[in-house]
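Trainee: below are the sequence and a predicted model; questions follow.
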Amino acid sequence: MKYIIAILIFGIIIFVHEFGHFIAAKLCGIRVLKFAVGMGPKLIGKQIGETEYSLRLLPIGGFCAMEGEETDAVSKSELGEDASSNSDRSISSKPIWQRFIVFFAGPFMNLVLGFLVAIVFTCMSMAVPTTQVKAFHMDSQNNISAASYDCGLREGDIIREVNDMWILTPSDLSYQLSSQQNGTHTVVVERNGEDVTLENVTFYDASTGSSADFYVNGLSKNPINVIGYSFKNTVSTTRLIWASMVDLVTGKYGFEEMSGPVGVVDAIGDAAVSGETAKDSAMSLMNLTIIISVNLGIMNLLPIPGLDGGRILFLIIEAIRRKPIKPEHEGIVNLIGLALVMLLIIAVTFNDILRLIG
């Protein structure tokens with residue numbers, strides 16, 4: 001059951017991405033020939049108007065094939081004879097700004113989905129989290145056992161920065177506490193309306209051995225702070241994903257810690273059944289959905305040939321050169337980029353399977 005839920009959630013995330021391309025193409029007057037969720041052999045399909053809608057076997061992506069576009073996901077022979085690049089409804093006939101909107105719309109919709117799920121997640125929470133210190137951990141004798149208190153942190157302090165990183169949510173704080181190897185931090189707090197800098201701060205609970213040694217304050221929910229925190233949560237997730245990619249490139253995290261579609265589906269499935277109550281499981285699932293949807297949006301904006309970011313890069317080059325790149329050259333580069341991406345997916349999928357077996 002958990003894998004059915006996982007595949008459904010993953011499919012929704014992919015559908016939202018491709019729907020972004022689809023609706024943007026329609027608004028720009030581009031003819032959409034095929035709209036598919038999934039890759040590989042067609043399971044079901046139906047022709048509605050000028051577009052064929054289909055569900056495909058492998059839930060690892062999807063495509064929105066437009067007139068005048070020989071996509072990397074579907075060949076021109078499959079698109080049919082109507083796939084002309086000379087028509088005024090072909091994507092190649094549209095100005096650069098419209099093509100930019102079409103390619104950007106998919107990743108953007110993933111960010112929007114993450115934001116909308118974050119709103120629901122925040123509404124289901126007991127309170128709206130803040131970065132204000134509410135209280136410190138106490139030991140069995142009711143004495144403060146928090147190292148951060150000894151370093152100068154006080155109740156009522158609003159944590160603004162840790163190690164030069166602007167702190168938006170408690171997740172930002174958790175990331176900084178776990179990523180700093182020497183265990184000491186430079187913390188900027190707002191105290192009585194003024195910024196105070198604390199040097200060499202250590203977060204450690206002597207009674208439990210945990211790095212988290214204080215509690216944060218929560219606010220009563222209202223529409224303004226729910227939307228505000230949901231936006232900050234989405235921005236925070238985006239930033240942490242970007243930081244994680246930098247850590248991966250710099251070697252802080254190894255290849256074995258990457259996950260592909262199998263790992264993602266397994267993680268979603270675990271989240272769906274991880275809570276003690278149905279509400280806990282739902283919130284865990286929503287939190288992971290936010291991360292995956294935002295991650296898909298960010299990854300697709302990377303300037304890698306074959307991805308949306310690669311296509312946007314070609315548009316920027318075209319705007320600078322004031323003439324388009326030859327379609328055959330762009331097609332070869334995109335094909336190579338897509339092949340490398342598929343090889344990476346295969347490699348991390350194999351890694352996922354080994355991890356599951358283990």
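Mentor: Ah, there it is. Predicted model only: the values in this text are computed from it and were never measured. Numbering: from 1, shown residues only.
Trainee: and the nearest residue to V120 once chain neighbours are set aside, how far from M124?
Mentor: With sequence-adjacent residues excluded and distances taken as CB to CB, 6 or more residues apart in numbering, V120 is closest to M286, at 6.3 Å. Placement of C-beta: from N, CA and C, glycine included. As judged by CB to CB, to the nearest Å, M286 and M124 stand 8 Å apart.
Trainee: higher neighbour count, these two?
Mentor: Each of M286 and M124 has its neighbours counted (other CB atoms under 10 Å); M286 has more, 18 against 13.
Trainee: this protein: helices as residue ranges?
Mentor: For the chain, helices defined by DSSP state H occupy the ranges 2-27, 76-79, 96-124, 147-150, 170-179, 223-249, 261-272, 278-300, 308-321, 327-357.
Trainee: for the fifth one, buried residues please.
Mentor: Of the residues in helix 170-179, those buried under the neighbour-count criterion (16 or more other CB atoms under 10 Å) are P170, S171, D172, L173, Y175, Q176, L177.
Trainee: now the angle from it to helix 278-300?
Mentor: Angle, helix 170-179 to helix 278-300, by axes from the mean of the first three to the mean of the last three CA atoms, to 10 degrees: 70 degrees.
Trainee: and the angle for helix 170-179 with helix 223-249?
Mentor: 30 degrees.
Trainee: check the longest one too.
Mentor: Relative orientation of helix 327-357 with respect to helix 223-249: 90 degrees, computed using the same axes, to 10 degrees.
Trainee: could you list the domains of this structure?
Mentor: 1-9+95-125+221-305, 29-93, 129-219 (automatic domain parsing).
Trainee: and H17, which of those domains is closest to it?
Mentor: With CB to CB as the measure, domain 1-9+95-125+221-305 is the member of the domains of the chain nearest H17 (4.5 Å).
Trainee: and the residue nearest to H185 when sequence neighbours are not counted, how many residues sit next to it?
Mentor: Among residues not flanking H185 along the chain, V201 sits closest, at 4.8 Å (CB to CB, 6+ apart). By other CB under 10 Å, 20 other residues sit near V201.
Trainee: where's V201 relative to D213, distance?
Mentor: Per CB to CB, V201 is found 11 Å from D213.
Trainee: which neighbours do the two have in common?
Mentor: Here V201 and D213 share the contacting residues S148, scored by CB atoms under 8 Å, 6 or more residues apart in numbering.
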